[in-house]
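Q: attaching a predicted model along with its sequence, questions to come.
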Amino acid sequence: MGNSQSSDHSPLLAYVFWIFGFIGLHRFYLGRPLTGALWALTLGIFFVGWLIDLFLIPDMVEEATERFPGDNRDYNLTWVLLVLLGIFGVHRFYQGKILSGLIYLLTVGIFGLGIIYDLFTLNEQIALRRSEHS
């Protein structure tokens, strides 16, 4: 279980991201970036793995919530900001990373590579901020 309800990974958001899961978005969100990349490269392992994930999401949400304790910033909002406005660095501004937010804003998310980096590391970035402030 997470430390506060707002910091927990949301099953609803996981399922919304699952709709685009054949590109691995739900797996990135749930802290499984390697299989997220595999899903992105293979269309969810030719949609079979994507369909299986429909049933695995509740357990993956619980595991992600336990693995990545939140801080006062909401995982869900941070992820939505990354997915929808990542090229403008809005998720970085929300995390208090003003300089990198400005860099993202001026470079279209560092030409997309920063967005890919954040897909792989956003859960750890939020959990690390919590451990630094504890």
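A: Arrived safely, thanks for sending.

Q: neighbours around the residue lying closest to P11 once chain neighbours are set aside, how many?
A: With sequence-adjacent residues excluded and distances taken as C-beta to C-beta, 6 or more residues apart in numbering, P11 is closest to V61, at 4.9 Å. Any C-beta I mention is one placed from the backbone N, CA and C, and that applies to glycine too. Using other C-beta atoms under 10 Å, V61 is surrounded by 21 other residues.

Q: do the one 4 residues further on as well
A: Residues lying near T65 (other C-beta under 10 Å) number 22.

Q: all the strands of this protein, residue numbers only.
A: Counting by DSSP state E, the chain has no strands at all.

Q: find the centremost residue of it, please.
A: Central residue of the chain (C-alpha atoms, centre = their mean): Y29, 3.3 Å from the mean position.

Q: how about the contacts made by it?
A: 9, 13-14, 17, 64, 79, 123 (C-beta atoms under 8 Å, 6 or more residues apart in numbering).

Q: and the gap between it and W50?
A: Distance from Y29 to W50, counting by C-beta to C-beta, to the nearest Å: 14 Å.

Q: do the same with Q125
A: Counting by C-beta to C-beta, the gap from Q125 to W50 is 26 Å.

Q: more neighbours, those two?
A: Comparing Q125 with W50 by other C-beta under 10 Å, the one with more neighbours is W50, at 22 against 17.

Q: quick check: V108 touching L85?
A: No - V108 sits out of contact with L85 when judged by C-beta atoms under 8 Å, with a separation of 11.7 Å.

Q: find me the pLDDT at M1, would you?
A: Looking at M1, its pLDDT reads 39.
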